[in-house]
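[1] take a look and give me a structure for this.
(chains A and B)
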Protein chains: 2
Amino acid sequence: MIDVARRVDFEALDAADALAPLRQRYRVPEGVIYLDGNSLGVPAHAALEAVREAAEGEWADQLIGAWNGADWIGLPRRLGDRIGRLIGAAPGQTVVADSISVNLFKLLAVALALRPGRRTVLSTTENFPTDLYVAEGLGGLLGGERCRLRTVPLASVSAESLAGSVDDDVAVVMLTQVDFRTGARLELEAITRAVHSRGALVLWDLAHSAGAFPVELDLAGADMAVGCGYKFLGGGPGAPAFAYLAERHHPAAQQPITGWMGHARPFDFDPGYAPAPGIDRLLAGTPPILACRALEGALDVFDEVDLAAVRAKSVALGEALIRLVGESEVAGELELASPVDPEQRGSQVAFRHAEAWPLTQALIAEGVVGDFRAPDLLRLGITPLYLRFTDIFDAVVRLEEVLVSGRHRDRRFSRRARVT
Amino acid sequence: MIDVARRVDFEALDAADALAPLRQRYRVPEGVIYLDGNSLGVPAHAALEAVREAAEGEWADQLIGAWNGADWIGLPRRLGDRIGRLIGAAPGQTVVADSISVNLFKLLAVALALRPGRRTVLSTTENFPTDLYVAEGLGGLLGGERCRLRTVPLASVSAESLAGSVDDDVAVVMLTQVDFRTGARLELEAITRAVHSRGALVLWDLAHSAGAFPVELDLAGADMAVGCGYKFLGGGPGAPAFAYLAERHHPAAQQPITGWMGHARPFDFDPGYAPAPGIDRLLAGTPPILACRALEGALDVFDEVDLAAVRAKSVALGEALIRLVGESEVAGELELASPVDPEQRGSQVAFRHAEAWPLTQALIAEGVVGDFRAPDLLRLGITPLYLRFTDIFDAVVRLEEVLVSGRHRDRRFSRRARVT
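    This is a model prediction of the structure:
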């Protein structure tokens, strides 16, 4: 068993951690080691405060006047630019709107229109299902002669291999930078350039990237991206997503869900549609303000944070986790499913285990909240803004205890719940 | 000038109003007569409480566990069924999701697929712009040979005239039941039957209907509908919208924005899309939970309310408003833009005035909040759940005072704001 006396080493790491004070900005539940911030981030106090203010101080007190008085109308662009800073996007190229699914639909349609004569959306077989579903749905609507989805195994994806897969029929390559199961991270810039060399566009899904480590969309010459407000960004459950479109594509980009918020002059109530000149043309309907304001509060913490430092701590936490598991008595039962090289990982670590489902449930019962991904993964998210080195130590100690004691075989952990 | 002594008559009406106690369920700001609940409803205390609970008691305390623990995953269907009760939809035909714009896009695509060989979306020239824009956007995506928008003047729309306009190329007639400018209300059942007699479907936009008066979608044999969560339903700014699809259409309905929440088994993470068997197939991405929970709280009040009684009070308030304006010293300046017959009105009254913009602003400064709609409308929403007869009296008294004194010509009311 791991010697609990070693905990002092981790206490020392916490004491030396320049990011440690940020934990106080979050409302982390007592007694919980939360390794699921890559699924739903812990609320920052500022996010909860923003929700209160939006509901009580804006909606209730100002009513309709808050659209101007609290600048609700500016939220999609204002939040977009704040997220833009975290993903290497100069202002005016990112908006917050809708969900990832809806934004993928818009951007895939834009991509196909930008590459006339090409009809293939190329992705990976292991991509997050909604990404594949949306491409499939667009193909169903447009017909196979205008849109078809082709997938290649993620394991085969590199800048070189992709260049070989991108033939003259590929309009856009749709990739999730960090695999939601294993955390494997793709080289955004090299892949973007390789795909460009074959005349196709790249649509990046940054669901597990934004807020977790530095992303440089503009530097990479990326075309389009989507991402999630409720994972590392901490915007709250079902927080609206974001969409990025490089400025060079704005004039020609006609997204098909032409709701009034994407109009050049929505409050003129013109009967005909005229897209907004810039990134606002990616908007569709009225944004969910309470959800947007929660995200706005969550972003306050990021204003003070250097993502390179967040990344460095993420790597240190992940390496500590892998090393401790490897040194534990249960090392033989847990196979690392994530890349060994931290440079090839996002901000999570996944282990294969034959009983991953009951193991995940037993850990949750012990206050160690990770999640299960079918068929056999225990997925542990690393969120350096509120995780401590001692959390990693304590989590592995409990993981070892559960497996050694066999507590995960208790029948109460055997039922599959619907959502994890 | 209106004799202020007459106020006692309105006090008597309030005293006799069986719905009067409901006002206490809402947080109406002090000193404000809010005639804009048709744009953004006043929060019910229960809605504000639901937001607090969702943020602090669910997100913060339960984190990822709240998806099951607080049944977040069931919200779209649960809220849909609760709204379904208000629009005459049996359970299992309504979901809460996305915005009206996004839901229109889905349902128009469904409608076109259900009527192969027909390509026209027929609507009214005066329809709310986003409805027209979305049809235009879908047409732009599919091409004119598969989708085209045709509009007829609203003034010409009756069950008989529409039947004449629906030729063999019309797949779906998209109508907003209550005109957002004048409040003119269409006969939902008669029009639905007339359109059906020509082989087309009907998509009703209930933005200004749901929660304002009884709607009977099932009885009318309606096909599809969308509506707004933030107007009469009071779900909060940018509350998610709802979508209705009659059960008979479910098996054949393939909506194109195939996000994971519309999948038959979203948490199996299958690579291929299989639509949920029922109404859930209209879902796309992850719903904005905080916004959904606000709407859920808002719906609590409706559980205790008979919409026929709400309608009766709306008519009484509207008639009182029109009568008082007609008896005022400024009757000659204000032309009723709404139908005279209350049966042909929704729950708002609009007046034409040459200086409607500054007049609206001057009234807001006096605590009478209505809104302006271009080019010359003062629009006054009637929300019987929290409006009193004395509010109507006081509003008309102030309207008369402003116009007689000419205060609306003060230069501070001359600038056009972006949002009203």
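[2] A:Ala184 touches A:Val178, doesn't it?
    Yes: counting by C-beta atoms under 8 Å, A:Ala184 does reach A:Val178; the two are 7.2 Å apart. Every residue, glycine included, has its C-beta placed from N, CA and C.
[3] which residues do these two both contact?
    Contact criterion C-beta atoms under 8 Å, 6 or more residues apart in numbering or on different chains; residues shared by A:Ala184 and A:Val178: A:Arg345, A:Gly346.
[4] and the residue lying closest to A:Val166 once chain neighbours are set aside, what pLDDT?
    The shortest distance from A:Val166 to any non-neighbouring residue, by C-beta to C-beta, 6 or more residues apart in numbering or on different chains, is to A:Arg198 (3.8 Å). As predicted, A:Arg198 sits at a pLDDT of 96.
[5] over to the one 3 residues further on?
    pLDDT, the model's per-residue confidence, is 98 for A:Leu201.
[6] going by neighbour count, which residues in stretch A:331-351 are buried?
    By neighbour count with 16 or more other C-beta atoms under 10 Å in any protein chain shown, stretch A:331-351 contains the buried residues A:333-334, A:336-339, A:342, A:345-351.
[7] for those residues, give me TSV that also has distance to B:Val397, secondary structure and pLDDT.
    What follows is the buried residues of stretch A:331-351, written out as TSV (distance: C-beta to C-beta, whole Å; DSSP: H, G, I helix; E, B strand; the rest coil; pLDDT from 0 to 100):
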residue	distance to B:Val397	secondary structure	pLDDT
A:Glu333	79	coil	96
A:Leu334	76	coil	98
A:Leu336	76	strand	98
A:Ala337	72	coil	98
A:Ser338	71	coil	98
A:Pro339	73	coil	98
A:Pro342	72	helix	98
A:Arg345	69	strand	98
A:Gly346	64	coil	98
A:Ser347	62	coil	98
A:Gln348	64	strand	98
A:Val349	69	strand	98
A:Ala350	68	strand	98
A:Phe351	72	strand	98
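[8] in CSV, list those residues along with distance to chain B.
    Putting these into CSV (distance: C-beta to the nearest C-beta, whole Å) gives the following:
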residue, distance to chain B
A:Glu333, 24
A:Leu334, 21
A:Leu336, 21
A:Ala337, 15
A:Ser338, 18
A:Pro339, 20
A:Pro342, 25
A:Arg345, 20
A:Gly346, 17
A:Ser347, 16
A:Gln348, 14
A:Val349, 17
A:Ala350, 14
A:Phe351, 18
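[9] of all of the stretch 51-200 of chain A, which residue lies closest to chain B?
    A:Ser99 (2.4 Å; C-beta to the nearest C-beta).
[10] next: the stretch 201-350 of chain A.
    A:Gly285 (2.4 Å).
[11] and the closest residue to that residue other than its chain neighbours, how many neighbours does it have?
    Spatial nearest neighbour of A:Gly285, excluding adjacent residues (C-beta to C-beta, 6+ apart): B:Ser99 at 2.4 Å. B:Ser99 has 30 neighbouring residues, counting by other C-beta atoms under 10 Å in any protein chain shown.
[12] next one, pLDDT for B:Ser99 please.
    B:Ser99 carries a pLDDT value of 98.
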